[in-house]
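**Q** sequence and computational prediction follow.
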Amino acid sequence: MNVYKIAELFDFKGEIIDIAAYGEGHINDTFRVTIKDSDDMYILQRLNTNVFKNFRGLMDNVLKVTKAFGKIVEKEGGDVTRECMNLVFTKDAQPYYVDGDACWRAYIFIKDTVVYQVIDSPEIFKNTGEAFGKFIARLDSFDAGSLCEVIPNFHNTVDRYKKFLKSLEEDKVSRAANVKEEIDFVNARKDMLGAIVDALDKKEIPLRVTHNDTKINNVLIDKSTGKAICIIDLDTIMPGSLLYDFGDSIRSGCNTALEDEKDLSKVDFNINLYKAYCEGFLRGIGDKITRKEIEMLHLGAIIITLECGIRFLTDYLDGDVYFKTDYPEHNLVRCHTQFKLVKRMEECSDELIKIAENCKK
């Protein structure tokens with residue numbers, strides 16, 4: 001169906017005069033909708049149902065979380081129109097529209113904001129950390145168990161390790177012999193992989209609402225103040241541990257090189273950026289974090305980075321069937337950068353623990 005005809009189904013206030021592709025996302029199709037004689041704009045998205053097969057569960061999660069989050073922001077005296085994603089329903093009062101295999105949804109566009117694709121300064125990273133910390137804090141009383149797992153076992157590192165061993169055993173494209181060092185690297189850390197999963201199972205740390213895609217470009221920054229104001233891209237909202245969200249921000253933000261940098265001498269762990277993010281995150285989450293979670297923050301960063309490396313290595317063993325690759329060793333190169341980061345974080349783990357402790361004093 002024509003995108004204009006889809007847009008007409010939503011309860012946008014005014015006459016639509018333009019719909020244009022928007023943003024740099026690689027999964028969903030995103031458009032910005034402009035209204036005649038109005039400053040109001042909207043975001044219209046077609047969900048990638050090949051990636052998100054359970055799109056109804058996904059949208060149910062988004063609806064629940066945005067509704068609860070908006071009430072909390074309002075209660076705290078915040079600006080619901082800027083600090084929260086606000087769904088626009090269809091004209092027949094539905095939170096999304098299904099057209100065959102396609103699922104469409106709409107949000108109110110939050111104006112006068114910018115997103116960063118790369119970290120320009122520790123201050124920006126600190127602001128990002130504060131936003132994600134505040135996001136978790138505001139949803140502290142929300143029943144995370146009421147959310148569905150949009151991607152089952154997404155951060156279940158024990159399950160990821162089992163899949164890796166299976167791929168290693170099957171060796172479908174005869175690559176295992178080329179990666180003995182990488183295999184040894186993973187196996188030497190197999191006991192670490194269950195730390196977060198076990199802590200959740202034993203209720204040593206709480207099950208929380210987690211974002212699961214805590215990259216810097218999923219935070220809207222106010223153009224005038226430079227402050228992070230709104231967390232976006234809620235497609236992977238699921239029950240989990242805050243250690244996953246903290247860890248993935250560190251994994252993606254503290255690497256001194258690109259994820260697929262071939263020259264490993266350029267790959268290092270920026271501990272100053274770690275400190276900046278940690279300060280912001282702990283300031284944002286306030287007293288909603290437990291002592292055990294503080295003690296495990298550095299482990300969250302190490303485990304999530306290790307998990308990502310294992311995923312790249314597993315896909316390399318499987319013949320590059322999940323991640324897009326530009327050349328035969330692409331996944332292996334990605335694996336190497338993650339493992340280099342793991343090693344560097346392990347080397348300075350005592351300092352990472354002290355940073356978290358000092359930030360919380």
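**A** Thanks, I have the structure now.
**Q** by residue count, what's the longest helix in this protein?
**A** As assigned by DSSP state H, the longest helix anywhere in the chain is helix 291-318.
**Q** now do the helices in the stretch 51-200 of the chain.
**A** Taking DSSP state H, counting those that start in this stretch as the test, the helices found in the stretch 51-200 of the chain are 55-75, 80-83, 122-138, 157-170, 180-187, 195-201.
**Q** what's the longest one packed up against?
**A** Packing partners of helix 55-75 (3 or more CB pairs under 8 Å, 6 or more residues apart in numbering; DSSP states H and E): strand 41-47, helix 80-83, strand 102-108, helix 122-138. Heads up, the C-betas are built off the backbone N, CA and C, glycines and all.
**Q** include mean pLDDT when you put these into JSON lines, please.
**A** Below are these laid out as JSON lines (pLDDT from 0 to 100):
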{"stretch": "strand 41-47", "mean pLDDT": "96"}
{"stretch": "helix 80-83", "mean pLDDT": "94"}
{"stretch": "strand 102-108", "mean pLDDT": "96"}
{"stretch": "helix 122-138", "mean pLDDT": "95"}
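**Q** so which of these is the most packed in?
**A** Comparing the helices and strands packed on helix 55-75 by mean neighbour count (mean count of other CB atoms under 10 Å), helix 122-138 ranks first with a mean of 23.
**Q** that one packs against which elements?
**A** Judged by 3+ CB pairs under 8 Å, 6+ apart, helix 122-138 is in contact with helix 55-75, strand 208-210, strand 219-222, strand 228-231, helix 242-253, helix 271-285.
**Q** got a list of contacts for the second one?
**A** To tie it back to what came earlier, the one meant is strand 208-210. 65, 136, 139-140, 142, 144, 147, 237-242, 244-245 (CB atoms under 8 Å, 6 or more residues apart in numbering).
**Q** show me how far the longest helix of the chain is from its chain's centre.
**A** 14 Å (CA atoms, centre = their mean, to the nearest Å).
**Q** next one: stretch 189-198
**A** Relative to its chain's centre, stretch 189-198 lies at 21 Å (CA atoms, centre = their mean).
**Q** which residues are in contact with it?
**A** Against stretch 189-198 from outside (CB under 8 Å, 6+ apart): 155-158, 160-161, 204-205, 241, 243-244, 296, 299-300, 302-303, 306-307, 342.
**Q** any of those buried? List them.
**A** Among the contacts of stretch 189-198, those classed as buried by neighbour count (16 or more other CB atoms under 10 Å) are 155-158, 160-161, 205, 241, 243-244, 296, 299-300, 302-303, 306-307, 342.
**Q** re earlier: let's have the helices and strands packed on helix 55-75 in JSON lines, adding distance to Ile285.
**A** Listed next are those as JSON lines, based on distance: least, CB to CB, whole Å:
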{"stretch": "strand 41-47", "distance to Ile285": "28"}
{"stretch": "helix 80-83", "distance to Ile285": "16"}
{"stretch": "strand 102-108", "distance to Ile285": "25"}
{"stretch": "helix 122-138", "distance to Ile285": "4"}
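**Q** which of the ones you listed sits closest to Thr90?
**A** Evaluated over these, closeness to Thr90 peaks at strand 102-108, with 8.3 Å, by CB to CB.
**Q** how about the CA coordinates for the closest one, as PDB?
**A** What follows is strand 102-108, C-alpha atoms only, in PDB (Å, rounded to 0.1, in the frame of the first residue of the first chain):
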ATOM      1  CA  ALA A 102       3.600  -5.400   7.300                       C
ATOM      2  CA  CYS A 103       3.100  -3.600  10.600                       C
ATOM      3  CA  TRP A 104       2.900   0.200  10.700                       C
ATOM      4  CA  ARG A 105       3.100   2.500  13.700                       C
ATOM      5  CA  ALA A 106       3.500   6.200  14.400                       C
ATOM      6  CA  TYR A 107       5.000   8.500  17.000                       C
ATOM      7  CA  ILE A 108       4.900  12.200  17.800                       C
END
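**Q** that strand - contacts with which helices or strands?
**A** Packed next to strand 102-108, using 3+ CB pairs under 8 Å, 6+ apart, are strand 41-47, helix 55-75, strand 97-99.
**Q** so which of those gets nearest Lys354?
**A** Relative to Lys354, the nearest member of the helices and strands packed on strand 102-108 by CB to CB is helix 55-75, separated by 32.6 Å.
**Q** having no further points to raise, I will conclude here.
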